[in-house]
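J.: What would the 3D arrangement of this be:
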Amino acid sequence: MAKLEIIIAPDPRLKRVCKPVARVDARIRKLMDDMLETMHAAPGIGLAAPQVGVAERIIVVELDAADGDGDGPRRPYFMANPELLWTSEERTTYDEGCLSLPDHYADVVRPASVRVRYLDHDNESREVEADGLLATCIQHEMDHLDGVLFVDRISTLKRGIILRKLRKTHKSGAPALARP
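T.: Just a heads-up that it's a prediction; the model follows:
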């Protein structure tokens, strides 16, 4: 496995709509594994392919028991072509952050529960019902596949403040990429 470089906003590659994956083959499995390693090293709980410069519909998500994903061992979700089948009417608010917008957070309102269909690490079609932080994380990562960042879901004023700070950091010569 290899750690990948995480793209930092504002970068136009984060605003692209990603293409579907034809099938999960050896190349896609390696990418998923590399994304998981990159996410762990960052550290984070989710990562989408466009965040590492790949315009394909792939996300990885992994919460541990302390994050509210149950009592068992960590279980990564490898998702190619994830699609929302259902979202709850109930909404919830989480203070979201993003590996592509380091050190910036904002309250984002999303459906509290979702059902998602996807291709797994072995190219098998799967469905998962998720709520709480897992539902929020899956939706956040799926947004990346359509070129949507969490700051696109907050007020224009708050979004502007965050993006100005990121541009200023970039212009000051700070690293353009997050930790590999």
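
J.: any chance you could map the helices in the protein?
T.: With DSSP state H as the criterion, the chain has helices at 26-41, 132-145, 156-171.

J.: mind putting these in CSV, distance to Met79, mean neighbour count and mean pLDDT included?
T.: Yep, even glycine has a C-beta here, placed from its N, CA and C like the rest. Shown next, in CSV, are the helices of the chain (distance: least, C-beta to C-beta, whole Å; neighbours: other C-beta atoms under 10 Å; pLDDT from 0 to 100):
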stretch, distance to Met79, mean neighbour count, mean pLDDT
helix 26-41, 9, 18, 97
helix 132-145, 8, 22, 97
helix 156-171, 27, 13, 78
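
J.: Could you save those helices as a markdown table and add columns showing distance to Ile58?
T.: Shown next, in a markdown table, are the helices of the chain (distance: least, C-beta to C-beta, whole Å):
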| stretch | distance to Ile58 |
| --- | --- |
| helix 26-41 | 6 |
| helix 132-145 | 8 |
| helix 156-171 | 24 |
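
J.: Among the ones you listed, which comes closest to Leu119?
T.: Nearest to Leu119 among the helices of the chain is helix 26-41 (8.7 Å), distances taken as C-beta to C-beta.

J.: Which strands or helices does the helix or strand of the chain with the lowest mean pLDDT pack on?
T.: Using mean pLDDT, DSSP states H and E, helix 156-171 stands out as the lowest-scoring helix or strand of the chain, at a mean of 78. Helices and strands touching helix 156-171, by 3 or more C-beta pairs under 8 Å, 6 or more residues apart in numbering; DSSP states H and E, are strand 101-111.

J.: Strand partners (parallel or antiparallel) of the strand it packs on?
T.: Looking at strand 101-111 with DSSP bridges, its partner strands are strand 91-98 (antiparallel).

J.: could you dump the strand it pairs with to CSV, C-alpha only?
T.: Extracted C-alpha coordinates of strand 91-98, given in CSV (Å, rounded to 0.1, in the frame of the first residue of the first chain):
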residue,chain,number,x,y,z
ARG,A,91,-32.2,15.8,10.1
THR,A,92,-29.1,16.0,12.3
THR,A,93,-26.3,18.5,12.7
TYR,A,94,-22.6,17.6,13.0
ASP,A,95,-19.6,19.8,13.3
GLU,A,96,-17.9,18.6,10.0
GLY,A,97,-14.4,18.9,9.0
CYS,A,98,-12.5,17.6,5.9
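
J.: what residues are up against the closest residue to Leu4 other than its chain neighbours?
T.: Excluding the flanking residues, the one nearest Leu4 by C-beta to C-beta, 6 or more residues apart in numbering is Val52, at 4.1 Å. Applying C-beta atoms under 8 Å, 6 or more residues apart in numbering to Val52 gives the contacts Leu4, Glu5, Ile6, Ile7, Asp34, Met35, Thr38.

J.: Fine by me, we can end here.
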